[in-house]
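Student: got a sequence here, can you model it:
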Amino acid sequence: MLKISGSTTLTLNINGEDRKVIAKPSDTLLHTLRKELGLTSVKPGCENGDCGACTVLVNNWPIKSCLMLTVEAMGKEILTVEGLKNAPIQKAFVEKWGFQCGYCTSGFLMVCHSLSKIHPDANDYVIQQWLESNLCRCTGYQEIEEAIKSVLTNKY
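Tutor: Next up, the predicted model:
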């Protein structure tokens, strides 16, 4: 069992690279990614798990980083938008206008990227269920849904 008190140096695997960070036991992954590592695609929104702006992938699954402690991320693979490196979903968001102000876009990109990997043949119901995890206050969801559908092997 890991026992941490005060600030401690931890090693996290972020975007395929081991990175050392200094974290307190109460630090959230959101705080560490933004403040310690400068990964600003991870957005603070509600900071209680409702909006999804802070979504990252942890072992390929979407996780709201405001709800995860940094220490819980040790030994796991964390992926942020900075690590996508021009994934098909990024191009699809541009082509389908899946953003407006852009604040929620990072979280949606991560959810959609994970969906395309875990459920490449997702039907409308599965897509809707996955998109419900994040909130967009500007565009609605039609363009975001069109973006994810354009990258799925199901080809709508």
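Student: can you map out the strands along this structure?
Tutor: In the chain, strands defined by DSSP state E lie at 8-14, 17-23, 55-58, 61-64, 77-79, listed in chain order.
Student: where does this structure dip in pLDDT?
Tutor: The model of the chain has pLDDT under 70 over residues 1-2, 154-156.
Student: can you name the residues bridging to the spatially closest residue to M74 that is not a sequence neighbour?
Tutor: Computed as CB to CB, 6 or more residues apart in numbering, the closest residue to M74 that is not its neighbour in sequence is L10, at 5.8 Å. For the C-beta atoms, the positions are set from N, CA and C on the backbone; glycine is no exception. Per DSSP bridges, the residues bridged to L10 are V21.
Student: now L10: how far from D27?
Tutor: 9 Å (CB to CB, to the nearest Å).
Student: before we move on, what about W61?
Tutor: With CB to CB as the criterion, W61 and D27 are 21 Å apart.
Student: more crowded one of these two?
Tutor: D27 (20 against 13; other CB atoms under 10 Å).
Student: could you chop this structure up by domain?
Tutor: 8-80, 84-151 (automatic domain parsing).
Student: straight-line length of the last one, end to end?
Tutor: Pointing back at domain 84-151 there. Start-to-end span of domain 84-151 (CA to CA, to the nearest Å) is 14 Å.
Student: now that domain, how far from the centre of its chain.
Tutor: Relative to its parent chain, domain 84-151 has a centroid offset of 11 Å by CA atoms, centre = their mean, to the nearest Å.
Student: hey, where'd the helices end up in the protein?
Tutor: 29-31, 88-95, 105-118, 124-131, 142-151 (DSSP state H).
Student: now the second one against helix 142-151, angle please.
Tutor: Computed by axes from the mean of the first three to the mean of the last three CA atoms, to 10 degrees, the angle separating helix 88-95 from helix 142-151 equals 140 degrees.
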